[in-house]
Each structure stands twice: as C-alpha cells, then as structure tokens.
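Visitor: need coordinates for the below:
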Amino acid sequence: MDILLWSLIIILFIASFVGIIFPVIPSVVVIWGGFFIYYFFINNDSLNWWFWTGMIVITIILLAADIIANSYFVKKFGGSKAGERGAAVAVIFGSFITPPFGIIYIPFLTVLVIEMIQRRTVREAIRASIGSFLGFLGGSVAKIVLQLIMIIWFFIAIWI
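Guide: Okay, the predicted model is just below:
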C-alpha cells in the first residue's frame with residue numbers, strides 16, 4: 001500500500017510542474033494533495049506546524065506570483081497603471097480562455113490594447129506588452145522555484 005501511496009505523491013508532485021505549462025492543473029492544490037496523502041495515510045507525526053505554516057506562506061506567494069510578476073514587468077517596461085491592472089486580470093482570464101497559451105498572449109494583447117487606448121505610441125505599447133510576456137516568464141520561474149522549495153522542504157521534513 002505504501003508503494004501505491006508514494007507513487008501517487010510523486011505523480012502529484014510531477015503534475016504540479018505540468019500545471020505551470022497547463023494552468024488548468026492547479027499546481028499548488030496538486031502539491032497539497034501530495035502532502036495530505038502523506039499526512040493522512042502514511043505518517044502524521046513528521047509534518048509539524050512549522051512545515052504547515054511555511055507551506056501556507058509559500059502558497060500565498062505562489063498564487064500571487066503571476067500577477068505580481070506581470071504587473072512589475074509591465075510597469076518596468078513603461079506601461080501605465082491601467083496596463084498593469086489589465087495584465088493582472090488578463091493573466092487570470094488567459095489561463096482559462098485557451099490554455100496553455102492564453103496565459104501568454106491574452107495579457108500581451110490586453111496590455112497592447114490598453115496602452116493604445118491611452119494614446120501611447122505603437123512602440124511604447126509593444127514595449128509594455130513585451131513587459132507582460134517577460135512577466136509571464138518571471139512568474140513561471142518563480143513558481144518553479146517555489147514549488148521546488150515546497151517539495152524539497154517536504155522531503156527534508158519527513159526524513160529528518
């Protein structure tokens with residue numbers, strides 16, 4: 001039975017990284033599923049309150065990573081406040097409209113349109129839109145790092 005449970009935990013951890021490419025897979029929920037399987041079916045002694053508190057904090061950061069990165073890069077590349085807000089909303093909608101690519105092109109196009117409506121030059125609008133694309137890349141890298149931290153912390157917590 002332990003082999004089956006451990007296999008399921010490993011599959012869930014791997015699926016969490018697939019969720020970065022295909023946002024319809026809720027990465028953080030999948031990781032938590034692995035934690036809960038271990039806690040409820042294998043051993044509930046090794047995951048202490050420090051572990052659970054740390055995972056909650058990382059989860060909050062992880063959920064905000066795309067939105068924060070997108071807004072930051074749009075601003076850094078000369079986008080307006082409206083462009084920042086539009087990028088944040090577009091990341092959320094883009095992940096549902098046409099996964100996995102909607103999370104890339106929906107924010108890009110949204111920022112482009114918002115900046116053009118605000119009478120920016122085409123060059124400025126494209127530059128802010130490129131910031132949106134870099135925000136996607138930055139958010140994805142942040143999510144990979146944070147998910148790795150969560151998984152490594154899990155294994156350290158159960159082995160030490």
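Visitor: quick one: contacts for the residue nearest to the spatial centre of the chain?
Guide: With distances taken as Cα atoms, centre = their mean, Lys143 lies nearest the centre of the chain, 4.7 Å away. Going by Cβ atoms under 8 Å, 6 or more residues apart in numbering, Lys143 touches 20, 27, 62, 65-66. C-betas here are computed from N, CA, C, even on glycine.
Visitor: out of those residues, which are inside helices?
Guide: Applying DSSP state H to the contacts of Lys143, the entries found in helices are 20, 27, 62, 65-66.
Visitor: switch these over to JSON lines; also include distance to Ile14, neighbour count and pLDDT.
Guide: As requested, those are arranged in JSON lines below (distance: Cβ to Cβ, whole Å; neighbours: other Cβ atoms under 10 Å; pLDDT from 0 to 100):
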{"residue": "Ile20", "distance to Ile14": "11", "neighbour count": "18", "pLDDT": "85"}
{"residue": "Ser27", "distance to Ile14": "11", "neighbour count": "23", "pLDDT": "92"}
{"residue": "Leu62", "distance to Ile14": "17", "neighbour count": "22", "pLDDT": "90"}
{"residue": "Ala65", "distance to Ile14": "20", "neighbour count": "22", "pLDDT": "83"}
{"residue": "Asp66", "distance to Ile14": "21", "neighbour count": "26", "pLDDT": "74"}
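Visitor: all set now, cheers.
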